[in-house]
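A.B. asks: Requesting a structural model of the entry that follows:
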Amino acid sequence: MRYLDTEIRQMAEEDIPAVLAIEKLSFRDPWKAEDMLNEITNNPYSNFWVIELSNPSLNIKQICGFCDWWVTFDSATICQIAVHPDVRQMHLGSQMMEEIIATARAKKVRTITLEVRASNKAAIKFYGKFGFYVSHVKDGYYLDGEDALYMILEVKDNG
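C.D. replies: Just a heads-up that it's a prediction; the model follows:
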């Protein structure tokens with residue numbers, strides 16, 4: 001018997017309120033609705049995805065996380081990845097990261113980069129699990145003056 005399924009799909013305009021709610025619970029400097037709308041309608045480099053949990057037998061679907069990442073030539077940048085606090089530690093972030101890496105590999109991306117708050121030990125550990133390493137520190141990167149760690153993953157070709 002299946003209780004819960006997950007699906008990762010392109011974000012749609014009607015998903016913005018659910019994504020904004022997760023955004024506000026996850027980040028100190030949350031994006032606005034118009035920022036997200038711009039990403040999904042005007043940015044040709046953006047891959048803005050949501051992850052939905054569903055119970056097929058009850059016909060219930062709920063957006064529980066999202067990621068926004070860009071591909072430019074042979075590199076990619078993860079702009080954001082977040083999971084609702086109530087369902088963290090259920091491997092939803094890992095599912096999204098695995099999908100990002102697989103898609104990047106299929107698009108012949110060589111490196112994936114991101115910035116993370118130096119104080120966000122959980123996120124740093126999460127990224128490290130996938131092979132990201134700290135390249136350097138960006139001093140005062142965030143609006144509140146906190147430093148960012150610039151992390152890189154070298155995408156391996158499985159071919």
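A.B. asks: Identify each buried residue in stretch 63-73, please.
C.D. replies: Ile63, Cys64, Gly65, Phe66, Cys67, Asp68, Trp69, Trp70, Val71 (16 or more other Cβ atoms under 10 Å). Where C-beta positions appear, they are placed from N, C-alpha and C, glycine not excepted.
A.B. asks: How about stretch 104-119?
C.D. replies: Neighbour counts over stretch 104-119 (16+ other Cβ under 10 Å) mark Ala104, Arg105, Val109, Ile112, Thr113, Leu114, Glu115, Val116, Arg117, Ala118 as buried.
A.B. asks: pLDDT, distance to Ser54 and secondary structure added to the residues you listed, as TSV?
C.D. replies: As requested, these are exported to TSV (pLDDT from 0 to 100; distance: Cβ to Cβ, whole Å; DSSP: H, G, I helix; E, B strand; the rest coil):
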residue	pLDDT	distance to Ser54	secondary structure
Ala104	96	26	helix
Arg105	95	27	helix
Val109	96	29	coil
Ile112	98	28	strand
Thr113	98	32	strand
Leu114	98	28	strand
Glu115	97	32	strand
Val116	97	30	strand
Arg117	96	32	strand
Ala118	97	36	coil
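A.B. asks: The longest strand seen in the chain: how far from the chain's middle?
C.D. replies: The longest strand of the chain (DSSP state E) is strand 60-72. Relative to its parent chain, strand 60-72 has a centroid offset of 6 Å by Cα atoms, centre = their mean, to the nearest Å.
A.B. asks: Alright, calling it a day.
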